[in-house]
Each structure stands twice: as structure tokens, then as C-alpha cells.
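K.L.:
Show me the folded form of this:
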Amino acid sequence: MRQLFALFILIFSVSILNGQQGMNKELTLDEAIEIGLKNNPRIISARENISAAKGRFWSGISLPAPEVGVSYEYTPVNKSLRNFSERTFEVSQSFEFPSNYFLRGSRFSKEEEIAFYRLKQTEVVIIAQIKSAYYNVLSKKKLLEIAEENLKIAEDFSKKAEIRYNVGEGTNLERLTAKVQFTEAKNNLEVARNELRTAFALLNFSLGYGKRTDEIFTLADSLTYLPLNKFTFEELYNLALSVNQQIKISELNVSISSINKSLAWSSLLPNFNLGYFKQTRDGDNGFYGASFGISVPLWFLFENRGQIQEATANVNIAESELQLVKNEVYLRLRSAFNDYENDLRQVNLYISDILPQAEEVYRSASASYDAGEITYIEFLQARQTLIGAYSNYTNVLFNYYRSIFTLEETVGQNLIEHR
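P.N.:
Below is the predicted model of the structure:
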């Protein structure tokens, strides 16, 4: 019994260790995208819609069920049906004009294409969400590190100011200012921690996880500047016209409306009915027959004319909606491209000017402090300037990537290779 208990404890401990290793697993951006595309409920629903569209195709092109019947005639009153004089077995099949099945099959095939593009559209949206959530976690982690460093500086600043005040070298205003900065630094640290927890929760949601521990992964990628391939707005718009899933769906809707218009005109064509029957008359089984029927559209001025008029109007509506979608894509792309250019300009500004200047201020202050030319308080202020510049640069860099992800979502495909 003790051996079984020890074995159970060992197995339980190993499973806990394996679970902890899984919880601490490094997660790259590509792995996050793979997990999200596999687990996200919206992706699963979109895949099932393709299967449903395939099912509608086969049911839409199938013939109506044949009719099989048997009739007993000329049976004397008060006699059972076995006393019939005539019995008929009949099989009949009705069907539309053959071109209707071809047109209907073409329509259902395009509906299946629409389901496919809706899946691709959902994938593009989910990938953009995962990328944004992933980089959001990276930026919040960096801001947390900066907030921790800033708290150390503010605490040191506050202690030095208190000492200077006590020995008569500093003013009360300096001491109170240092305390305020220290309090703000502690508050900013708590805000950064909460924002990081929220960022992890958003990442887990994008990956398709429900109620689960927020910080379950160690992110393997880093938040570094990676330039986007040179694209002009016109190139991006032309690319969107060729690959954007929403535009593709609208174009397919125009095709479907055109097919429905052809089907409406085909309603003027006749339907057919074929039948075969075998008869028994007065005990003789040697009779058979066949039937052929055709529908005549006598009321084409009413029902068929209405169908044609409605289908023609639907074609015009679909074409107008296609143009509206193109206009919306153009507007979203223009807005996203403007945001991208603005964020790119800010990133370049920080890289080329602001960060080097802040680092030069810190190096100059460090050298002056070592030479005894400035006070420690002035040296700490220079360090805070540098930390503030890197904090702002982190936000600017995240906004830069988020604008790229918005561009990718609007265009409908990946634009940058992440490393």
C-alpha cells in the first residue's frame, strides 16, 4: 500500500513539473499564430461554414425524389382490393430544364468560394489581433522594466534629497518634489503591472483560450525596430483590390446575382415529367405504358416577369455594394497608411535624434557628476530624462507595429516578415 502511495505521489509530482514546464514554455510569434488559428472559435466556425456550403451544393443540384405508386381500380363494392380488375404500378420522375442544374451548381460553387474567403478573412483578422496582442505584451513588459528602473531612481532621488535637506544643503521644495516623484513612480509601477496582466489576458483571448491563467508563456520575440518593405499607397491599394477577401466576396456576390438573373430567365423554359407504369387487367400482366409531361409557362406575364425584374434589380444592387466595399477599403487603407507614415516618422525621429540626444545628456551628466561639476540630483534628473525617452520610444514602436498590422488586415495579407 505504501509503495502504491509513493508511486502515486511520484507520478503526480512529475505531472506538476511537466505542467509548469508547459506553462513556462517560450512562445514565438509564429507559434502564437499557429495556436490561434487552431483554437480560436471563430476560425472553427468559419471552417464549418465551408462544409455546410459543400453540403448545399450537392442538395441543390439533386433531382427531386421520384414518385412510386400503385393503384387498384374497378374493385366491386363490398369486396377487398384483391378483387381488382385493374392494378397499376407507376414510377415517375420530374426534373427542370437541364441548364437550370448547371446554373444552380455554379451558384452553389460560388457560395462555397464565399465561405472559403470568409475563412481567409477571419484568419487575417485573427492573425492581426494575435500580432497586436503579442507586441502589446512585449511593449508592456518593456514599460514594466522601465517603471521598475524609474522607481529605483526616484527612491534614490528621494533619499538623497532628504539627506541634503537634513544637512542643510537642499531646500524643502526639492525634498517635497522628490517625494512626489517617488510616489508617482510607485503608482506608475502598479499601473504597468496591471497593464501587463491585461495584455496577457488579451493575448490568451486571441489564442482562443477561455478562463485560464493569464501569464502562461514567456515570449521569445523582442520589440525591436524592423522596417517594412517599401510600398507606395497605390501599390498597397492595387494589392488590396486583388487579394482583399471582402472585395472578393462582393465580386462573387455580383456573379451569384448574375446567375440568379439567368435562372430567372430560365423559368420561362419548361419542366419535364417522365413516367413508366405496368398494369394488370383481369389477371393479365402483359400491359405497360409510359407518360411524358411538359410544363407550359402560361402565366409568364406575372410570376416569371416578376422574377426577372427582381433578379435584374439584385444584380444592380450587388454591383453598387461592390463599389461601396471598394470605397470603404480605400478609405480604411488611406487612414491606416497615414497612421503608418506618421508612426514611422516618429520611430525614425526617436532613433535618429531623441534617443541619441537623451543618451548624450546622460553621458554628459555622468561625466560632469564624476568631475564634481553637478550634484547627484542633477545626475538623477538626466537619467530620468533618458528613461522617459525610452519609455516614449517603446510606445511609439508599438504604435508603429500596430499600424502595420492594421495595413495587413486591410490589404488582406502579410506585409512584413517577423523575426
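K.L.:
burial measure for Glu409, as a count.
P.N.:
Glu409 has 21 neighbours, counted by other C-beta atoms under 10 Å. Where C-beta positions appear, they are placed from N, C-alpha and C, glycine not excepted.
K.L.:
swap in Ala220?
P.N.:
13.
K.L.:
for the one 4 residues further on, same thing?
P.N.:
By the other C-beta under 10 Å criterion, the neighbourhood of Thr224 contains 8 residues.
K.L.:
And for Glu96?
P.N.:
Neighbour tally, Glu96, other C-beta under 10 Å: 19.
K.L.:
Looks like it contacts Asn271 (just checking).
P.N.:
Yes - contact criterion C-beta atoms under 8 Å: Glu96 and Asn271 qualify, at 5.2 Å.
K.L.:
didn't Leu143 look like it was pressed against Tyr393?
P.N.:
No - using C-beta under 8 Å, Leu143 makes no contact with Tyr393, being 10.6 Å away.
K.L.:
Can you name every helix or strand that whichever helix or strand Gln381 is part of contacts?
P.N.:
Following DSSP states H and E, one finds Gln381 within helix 376-411. Judged by 3 or more C-beta pairs under 8 Å, 6 or more residues apart in numbering; DSSP states H and E, the packing partners of helix 376-411 are helix 98-166, helix 172-206, helix 233-243, helix 305-349, helix 355-370.
K.L.:
The first one: how far from the chain's middle?
P.N.:
When C-alpha coordinates are averaged (C-alpha atoms, centre = their mean, to the nearest Å), helix 98-166 and its chain have centres 11 Å apart.
K.L.:
what stretches of the stretch 201-350 of the chain score poorly on pLDDT?
P.N.:
210-216, 298-303 (pLDDT under 70).
K.L.:
80 instead?
P.N.:
209-217, 229, 267-269, 282-284, 286, 295-306 (pLDDT under 80).
K.L.:
ok but Arg56 is inside a helix, no?
P.N.:
Yes - per DSSP: H, G, I helix; E, B strand; the rest coil, Arg56 lies within a helix segment.
K.L.:
what's in contact with stretch 145-158?
P.N.:
Residues from elsewhere that reach stretch 145-158 (C-beta atoms under 8 Å, 6 or more residues apart in numbering): 178-179, 181-182, 184-186, 188-189, 191-192, 377, 380, 383-384, 387, 390-391, 394.
K.L.:
pLDDT averaged over that stretch - what is it?
P.N.:
Mean pLDDT, computed over stretch 145-158, is 86.
K.L.:
Now do the buried residues in that stretch.
P.N.:
146-147, 149-151, 153-154, 156-158 (16 or more other C-beta atoms under 10 Å).
K.L.:
what's the answer for stretch 163-180, then?
P.N.:
So stretch 163-180, judged by 16+ other C-beta under 10 Å, has buried residues 164-165, 170, 174-175, 178.
K.L.:
For Phe84, state which of those is nearest.
P.N.:
For the buried residues of stretch 163-180, the closest approach to Phe84 (C-beta to C-beta) belongs to Ala178, at 112.9 Å.
K.L.:
For Ser80, see how far away the closest one is.
P.N.:
112 Å (C-beta to C-beta, to the nearest Å).
K.L.:
quick one: Glu162 from Asn327, how far?
P.N.:
Glu162 is 63 Å from Asn327, by C-beta to C-beta.
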